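>>> Okay, structure incoming, though there's no sequence with it:
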């Protein structure tokens with residue numbers, strides 16, 4: 001089991017301090033969310049709450065993930081970085097591939113690309129990107145970006161993108177692709193890549209999804225290859241809870257330890273105290289390798 005710290009809704013300067021502490025304390029990674037803007041009023045309801053209300057306050061920080069990861073890579077030595085999640089279909093594949101690849105190079109290969117197809121029609125329209133067909137476009141972007149990250153010349157002829165012979169340098173180390181989402185289509189997409197990223201859920205809900213993903217991995221002939229299942233569990237707090245989840249195939253926990261001890265409205269210093277406490281209570285049973 002690996003333990004990643006979620007940085008959702010934290011002030012940007014605080015993320016840097018949390019990353020330094022997490023790296024020193026032996027945590028395995030950091031989860032980096034993504035939104036370009038926050039709307040005062042939205043037509044699209046937020047899909048992950050019952051009433052469609054957003055989980056964050058107005059004027060919450062949403063730093064650019066690749067600028068942030070490039071910075072965090074310089075003040076950490078082991079910590080891995082995963083997006084929770086990055087909506088590539090809002091962008092063009094070349095700008096995205098350049099930013100992602102550069103962050104991977106700067107981090108020495110510690111980037112794991114977590115992708116979602118996106119839920120906010122408002123954000124797509126604002127950025128001049130088509131909302132319809134975003135799933136197919138995401139699939140095509142992944143293939144194109146992987147080609148751009150390979151040494152040598154790239155040619156590509158797809159439904160949405162047609163590319164003459166080009167090359168993109170620097171060439172990053174291999175970047176694992178993980179998929180976020182709760183739909184069966186998202187599960188299919190994840191099963192064909194390197195992992196899946198969940199939303200807030202109970203352990204049993206995550207286990208049900210894990211079983212489905214394992215079935216799909218077998219269907220796609222991917223059994224036996226590395227596959228990450230990153231779950232932010234709402235009912236897991238102890239070593240025994242995490243061992244139960246691990247035995248069922250969940251490989252990563254996405255957590256904010258300060259919520260377990262002190263609550264969300266505490267200082268950076270207290271959050272780091274709680275990181276240390278969780279390290280002593282739980283993390284010591286899964287040392288960094």
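That came through fine. Keep in mind the model is a prediction, meaning the values are calculated, not measured. Numbers count the residues shown, from 1 in each chain.
>>> would you list every one of the strands in this protein?
Ranges of strands within the chain are 2-6, 29-32, 80-83, 111-115, 154-157, 162-166, 177-180, 195-197, 228-231, 252-255, based on DSSP state E.
>>> Let me see the mean pLDDT of the last one.
So that's strand 252-255. The average pLDDT for strand 252-255 rounds to 98.
>>> Partner strands of that strand, with direction?
strand 2-6 (parallel), strand 228-231 (parallel) (DSSP bridges).
>>> where exactly do the helices run in the stretch 51-200 of the chain?
In the stretch 51-200 of the chain, the helices defined using DSSP state H, counting those that start in this stretch lie at 65-72, 93-106, 121-126, 134-148, 184-191.
>>> okay if I get the ones you listed as a markdown table plus mean neighbour count and mean pLDDT?
To be clear about C-beta, it is placed using only N, CA and C from the backbone, and glycine gets the same treatment. Conversion of the helices of the stretch 51-200 of the chain to a markdown table gives the following (neighbours: other Cβ atoms under 10 Å; pLDDT from 0 to 100):
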| stretch | mean neighbour count | mean pLDDT |
| --- | --- | --- |
| helix 65-72 | 21 | 98 |
| helix 93-106 | 20 | 98 |
| helix 121-126 | 16 | 96 |
| helix 134-148 | 19 | 97 |
| helix 184-191 | 18 | 97 |
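>>> Select, out of those helices, the one closest to residue 82.
helix 65-72 (9.7 Å; Cβ to Cβ).
>>> Summarise which helices and strands that closest one is packed against.
On a contact count with 3 or more Cβ pairs under 8 Å, 6 or more residues apart in numbering; DSSP states H and E, helix 65-72 meets helix 12-25, strand 29-32, strand 80-83, helix 93-106.
>>> how about low-confidence regions in the stretch 151-289 of the chain?
Applying pLDDT under 70 to the stretch 151-289 of the chain flags residues 288-289.
>>> make it 90
224, 287-289 (pLDDT under 90).
>>> nearest to residue 78, of the helices of the stretch 51-200 of the chain?
That would be helix 65-72 among the helices of the stretch 51-200 of the chain, by Cβ to Cβ, at 11.8 Å.
>>> the inter-axis angle of that closest one versus strand 111-115?
With axes from the mean of the first three to the mean of the last three Cα atoms, to 10 degrees applied, the angle from helix 65-72 to strand 111-115 works out at 160 degrees.
>>> export the strands paired with strand 252-255 to TSV and tack on mean neighbour count and distance to residue 218?
As requested, the strands paired with strand 252-255 are arranged in TSV below (neighbours: other Cβ atoms under 10 Å; distance: least, Cβ to Cβ, whole Å):
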stretch	mean neighbour count	distance to residue 218
strand 2-6	22	23
strand 228-231	23	15
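>>> Any idea which of those strands gets closest to residue 122?
strand 2-6 (24.0 Å).
>>> Now for residue 206, how many residues are close by?
If you count neighbours by other Cβ atoms under 10 Å, residue 206 ends up with 26.
>>> I figured it was touching residue 230, is that so?
No. Residue 206 is beyond contact range of residue 230, at 9.7 Å (criterion: Cβ atoms under 8 Å).
>>> so what sits against both of those two?
residue 198 (Cβ atoms under 8 Å, 6 or more residues apart in numbering).
>>> quick one on the thing from earlier: what's the closest of the helices of the stretch 51-200 of the chain to residue 223?
helix 184-191 (10.2 Å).
>>> still on that earlier bit, how about the helices and strands packed on helix 65-72, which one is nearest residue 66?
Nearest of these (Cβ to Cβ): helix 93-106, 3.9 Å.
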